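1. Fold the following and give me the result.
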Amino acid sequence: MSDNCLFCGIAQGTIPSTKEYEDDVLVVFANIHPVAPVHLLVIPRKHIASVADLSDDDRALVGEMVMRAKEIAVKKGIAKNGYRLVFNVRDHGGQVVDHIHLHIIGGAKLGPMALAFGE
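-> Residues are numbered from 1 along each chain as shown. Modelled structure (predicted):
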(Lines give C-alpha, C1' and ligand atoms only; values in the text may rest on other atoms or scores of the structure.)
Protein backbone atom coordinates (compact mmCIF):
# COMPACT_ATOMS: atom_id res chain seq x y z
CA MET A 1 0.00 0.00 0.00
CA SER A 2 1.17 3.48 -0.80
CA ASP A 3 0.72 6.11 1.91
CA ASN A 4 -0.42 8.89 -0.41
CA CYS A 5 -2.52 6.87 -2.89
CA LEU A 6 -6.24 7.67 -3.01
CA PHE A 7 -7.21 4.11 -3.93
CA CYS A 8 -4.95 2.60 -1.26
CA GLY A 9 -6.83 4.78 1.24
CA ILE A 10 -10.15 3.45 -0.08
CA ALA A 11 -8.86 -0.13 0.12
CA GLN A 12 -7.68 0.46 3.72
CA GLY A 13 -10.99 2.09 4.66
CA THR A 14 -9.39 5.41 5.65
CA ILE A 15 -11.09 7.18 2.73
CA PRO A 16 -14.87 6.70 2.47
CA SER A 17 -16.40 5.03 -0.57
CA THR A 18 -19.52 3.17 -1.59
CA LYS A 19 -18.19 -0.37 -1.63
CA GLU A 20 -19.95 -3.08 -3.60
CA TYR A 21 -17.53 -5.87 -2.72
CA GLU A 22 -14.30 -6.50 -0.84
CA ASP A 23 -12.10 -9.41 0.12
CA ASP A 24 -8.43 -9.88 1.02
CA VAL A 25 -7.32 -9.18 -2.57
CA LEU A 26 -9.82 -6.81 -4.24
CA VAL A 27 -12.17 -3.93 -3.52
CA VAL A 28 -15.03 -2.85 -5.81
CA PHE A 29 -16.58 0.58 -5.29
CA ALA A 30 -18.66 3.21 -7.06
CA ASN A 31 -16.91 5.74 -9.27
CA ILE A 32 -17.51 9.26 -7.92
CA HIS A 33 -17.82 10.58 -11.50
CA PRO A 34 -20.01 7.95 -13.20
CA VAL A 35 -20.44 7.97 -16.97
CA ALA A 36 -23.34 5.48 -16.90
CA PRO A 37 -25.97 4.27 -14.41
CA VAL A 38 -23.52 1.57 -13.27
CA HIS A 39 -19.90 2.69 -13.03
CA LEU A 40 -17.76 0.77 -10.59
CA LEU A 41 -14.02 0.37 -10.12
CA VAL A 42 -12.25 -2.89 -9.32
CA ILE A 43 -8.92 -2.35 -7.56
CA PRO A 44 -6.40 -4.67 -5.95
CA ARG A 45 -5.38 -3.97 -2.38
CA LYS A 46 -1.80 -4.33 -3.59
CA HIS A 47 -0.51 -1.02 -4.94
CA ILE A 48 0.43 -1.27 -8.61
CA ALA A 49 0.58 2.05 -10.46
CA SER A 50 -0.80 0.89 -13.83
CA VAL A 51 -1.14 -2.03 -16.23
CA ALA A 52 2.26 -0.99 -17.58
CA ASP A 53 3.75 -1.77 -14.16
CA LEU A 54 2.41 -5.32 -13.87
CA SER A 55 4.91 -8.13 -13.41
CA ASP A 56 4.60 -11.76 -14.42
CA ASP A 57 3.62 -12.48 -10.80
CA ASP A 58 0.49 -10.32 -11.28
CA ARG A 59 -1.12 -12.47 -13.99
CA ALA A 60 -3.50 -14.19 -11.58
CA LEU A 61 -4.40 -10.85 -9.98
CA VAL A 62 -5.53 -9.37 -13.30
CA GLY A 63 -7.54 -12.51 -14.02
CA GLU A 64 -9.17 -12.18 -10.61
CA MET A 65 -10.05 -8.54 -11.36
CA VAL A 66 -11.75 -9.47 -14.64
CA MET A 67 -13.62 -12.43 -13.16
CA ARG A 68 -14.81 -10.32 -10.23
CA ALA A 69 -16.02 -7.67 -12.70
CA LYS A 70 -18.00 -10.36 -14.53
CA GLU A 71 -19.62 -11.50 -11.27
CA ILE A 72 -20.44 -7.92 -10.24
CA ALA A 73 -22.03 -7.29 -13.67
CA VAL A 74 -24.36 -10.23 -13.04
CA LYS A 75 -25.14 -9.00 -9.52
CA LYS A 76 -25.90 -5.46 -10.78
CA GLY A 77 -28.17 -6.79 -13.54
CA ILE A 78 -26.14 -5.49 -16.48
CA ALA A 79 -24.66 -8.75 -17.76
CA LYS A 80 -27.54 -9.79 -20.01
CA ASN A 81 -27.60 -6.58 -22.11
CA GLY A 82 -23.87 -5.96 -21.95
CA TYR A 83 -21.33 -3.70 -20.31
CA ARG A 84 -17.86 -2.32 -20.85
CA LEU A 85 -14.62 -3.14 -19.01
CA VAL A 86 -11.82 -0.59 -19.33
CA PHE A 87 -8.26 -0.28 -18.08
CA ASN A 88 -6.84 3.21 -18.70
CA VAL A 89 -3.04 3.16 -18.75
CA ARG A 90 -0.95 6.17 -17.76
CA ASP A 91 -1.55 9.79 -18.72
CA HIS A 92 -2.07 9.43 -22.47
CA GLY A 93 -4.42 6.51 -21.84
CA GLY A 94 -6.60 8.64 -19.58
CA GLN A 95 -5.51 7.18 -16.24
CA VAL A 96 -6.21 9.73 -13.49
CA VAL A 97 -5.28 7.80 -10.31
CA ASP A 98 -1.94 5.99 -10.28
CA HIS A 99 -3.31 2.71 -8.93
CA ILE A 100 -4.40 0.02 -11.37
CA HIS A 101 -8.18 -0.09 -11.68
CA LEU A 102 -10.73 -1.74 -13.93
CA HIS A 103 -13.87 0.22 -14.83
CA ILE A 104 -17.18 -1.66 -15.02
CA ILE A 105 -19.55 0.55 -17.05
CA GLY A 106 -23.14 -0.34 -17.95
CA GLY A 107 -26.80 -0.01 -17.25
CA ALA A 108 -27.47 1.88 -20.50
CA LYS A 109 -26.67 1.39 -24.17
CA LEU A 110 -23.12 2.58 -24.67
CA GLY A 111 -21.94 3.98 -27.97
CA PRO A 112 -18.82 2.76 -29.70
CA MET A 113 -15.57 3.85 -28.14
CA ALA A 114 -14.35 6.93 -29.99
CA LEU A 115 -10.63 7.29 -30.32
CA ALA A 116 -9.13 10.47 -28.96
CA PHE A 117 -7.71 11.43 -32.34
CA GLY A 118 -11.10 11.79 -33.98
CA GLU A 119 -12.13 8.40 -35.31
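2. what's downstream of the longest strand anywhere in the chain, the next helix or strand?
-> Criterion DSSP state E: the longest strand present in the chain is strand 38-44. Helices and strands here follow DSSP states H and E; after strand 38-44, the next one along the chain is helix 59-75.
3. Can you list the buried residues in the next helix or strand after that following helix?
-> Next helix or strand after helix 59-75 toward the C-terminus (DSSP H and E): strand 83-86. Buried residues in strand 83-86, counted by 16 or more other C-beta atoms under 10 Å: residue 83. Just so you know, the C-beta spots here come from the backbone N, C-alpha and C atoms, and that holds for glycine as well.
4. Give me the angle between the following helix or strand past strand 83-86 and strand 38-44.
-> Following strand 83-86 in sequence order, the next helix or strand is strand 102-106 (DSSP H and E). Counting by axes from the mean of the first three to the mean of the last three C-alpha atoms, to 10 degrees, strand 102-106 points 160 degrees away from the direction of strand 38-44.
5. who's in contact with the most centrally placed residue in the chain?
-> A centroid search over the chain (C-alpha atoms, centre = their mean) returns residue 102, at 2.4 Å, as the residue closest to the centre. Residues in contact with residue 102 (C-beta atoms under 8 Å, 6 or more residues apart in numbering) are 41-43, 65-66, 69, 85-87.
6. Bridged to it, which residues?
-> As for beta bridges, residue 102 partners with residue 42 under DSSP bridges.
7. Quick check: it vs residue 3, distance?
-> As for residue 102, its distance to residue 3 is 23 Å (criterion: C-beta to C-beta, to the nearest Å).
8. Could you find the closest non-adjacent residue to residue 30?
-> residue 18 (4.1 Å; C-beta to C-beta, 6 or more residues apart in numbering).
9. For residue 117, give me the pLDDT.
-> On pLDDT, residue 117 comes in at 54.
10. Thanks a lot, see you next time.
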